[in-house]
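[1] Okay, predicted coordinates and the sequence, questions at the end:
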Amino acid sequence: MTTHPNTPAGWYADPQGTPNQLRWWDGAQWTEHTHPGQQPGHAAQPGHAPQQGYAAQPGQPAQPHPNPAKVQHQVQQQAHVAPAMGGGGSLFTEPVLVVNQKAKLIELTNEYSVFDQHGQTIGSVVQVGQSTLKKVARFVSSLDQFMTHKLEIRDAAGQPHLVLTRPAKFIKSKVLVERPDGQPVGEIVQQNAIGKINFGIQVNGQQIGAIKAENWRAWNFSIVDHTETEIARITKTWEGLAKTMFTTADNYVLQIHRQLPDPLLSLVVATALTVDTALKQDARGFG
């Protein structure tokens, strides 16, 4: 973890990547004090509840401010998701996540911003580990679907919480989900290549849920648990004909219906990125 000597003491997202856990930074080093909750905006002494808001992670830049009205329109008018109660301001506590890909005429890397339902930035997803050769291949061909891709899910301060790896594929995709320290969380495995695409959510080889496309173009998905009860929903939002035709931007709203235990929660959050990464390349190749 990169730190800066001028970072003030306070509660910050645990650098070990544990969801919903804060760790006390004493101004010089990380301590053994931890606290359940979201990243605060102001320092608090160990043993006191953190305040609401965001503080910059040591050594990490702050995220840019979004357009709240535009994000709220996307949630309520385009995805038809009613305002939800609750939410603690983090990737793993908000009932609604808005995932918007950065609009680019030519897509050489996958980059997303993640907002809450009110339009506040709570995270990002960035593709990492791409060589110059891989970027050239993405520019001149559709061979990138046969390459390995790695993405980091980061909080608003730039601290990684999950790492997604999609190994090189031919027809069906598989995404490996890990903590930043390499601890496995689970896998998201494509189960079919024809018709409505489905993915299995697996932990230690056991299926604990599934992601089911509601149409053959794979725009909207229902996420269910092991009892086939819907626990979340992914809705693709329409950004207009011109933007859709001339850029690569894809925008989604992830609605989580109830509080979920880990590792199911982490895997559901990961699906908002996995579905797009796994399927979009299929449209340009054999899948």
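    All right, it came through fine.

[2] CA atoms for contacts and neighbours, from now on please.
    Noted.

[3] Just the helices from the stretch 1-150 of the chain, written as ranges.
    68-73, 132-140 (DSSP state H, counting those that start in this stretch).

[4] backbone phi and psi for Gly209, please?
    phi -180, psi -180 (degrees, to the nearest 10).

[5] Where among the helices of the stretch 1-150 of the chain is average confidence lowest?
    The minimum mean pLDDT among those belongs to helix 132-140 (a mean of 51).

[6] Okay, now the unreliable bits of the stretch 51-200 of the chain?
    51-66, 102-110, 130-146 (pLDDT under 70).

[7] Now do the strands in it.
    Applying DSSP state E, counting those that start in this stretch to the stretch 51-200 of the chain gives strands spanning 96-101, 111-115, 121-128, 149-155, 160-166, 174-178, 184-190, 198-203.

[8] and Pro19, which of those strands is closest to it?
    The minimum distance between Pro19 and the strands of the stretch 51-200 of the chain falls on strand 160-166, with 7.0 Å, by CA to CA.

[9] Report the backbone C-alpha coordinates of that closest one in PDB.
    Provided in PDB are the C-alpha atoms of strand 160-166 (Å, rounded to 0.1, in the frame of the first residue of the first chain):
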ATOM      1  CA  PRO A 160      -8.600  -1.700  -5.000                       C
ATOM      2  CA  HIS A 161     -11.200  -4.000  -3.300                       C
ATOM      3  CA  LEU A 162     -11.600  -6.700  -5.900                       C
ATOM      4  CA  VAL A 163      -9.500  -8.000  -8.900                       C
ATOM      5  CA  LEU A 164     -11.300  -9.600 -11.800                       C
ATOM      6  CA  THR A 165      -9.400 -11.800 -14.200                       C
ATOM      7  CA  ARG A 166     -11.000 -13.200 -17.400                       C
END
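
[10] Just list the residues touching Pro180, thanks.
    16-17, 160-163 (CA atoms under 8 Å, 6 or more residues apart in numbering).

[11] For these, pick the one with the most neighbours.
    Each of the contacts of Pro180 was scored by neighbours using other CA atoms under 10 Å; the highest score is Leu162's, at 28 neighbours.

[12] what residues are up against it?
    Contact analysis of Leu162 by CA under 8 Å, 6+ apart lists 17, 152-154, 177-180, 266, 270.

[13] Could you export the residues you listed to TSV, including columns for distance to Ser113?
    Below are the contacts of Leu162 laid out as TSV (distance: CA to CA, whole Å):
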residue	distance to Ser113
Gly17	19
Glu152	12
Ile153	10
Arg154	10
Val177	19
Glu178	20
Arg179	20
Pro180	19
Ser266	17
Ala270	14
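
[14] Can you tell me how far the residue lying closest to Val126 once chain neighbours are set aside is from Gly209?
    Once flanking residues are discounted, Val126 sits nearest to Glu111: 4.8 Å by CA to CA, 6 or more residues apart in numbering. According to CA to CA, to the nearest Å, Glu111 and Gly209 sit 26 Å apart.

[15] So for these two, which residue has more residues nearby?
    Between Glu111 and Gly209, counted using other CA under 10 Å, the more crowded position is Gly209 (24 against 19).

[16] Show me the beta-bridge partners of that one.
    Beta-bridge partners for Gly209, by DSSP bridges, are Ile201, Asp225.

[17] I'd say it and Gly200 touch.
    Yes - counting by CA atoms under 8 Å, Gly200 is a contact partner of Gly209 at 6.2 Å.
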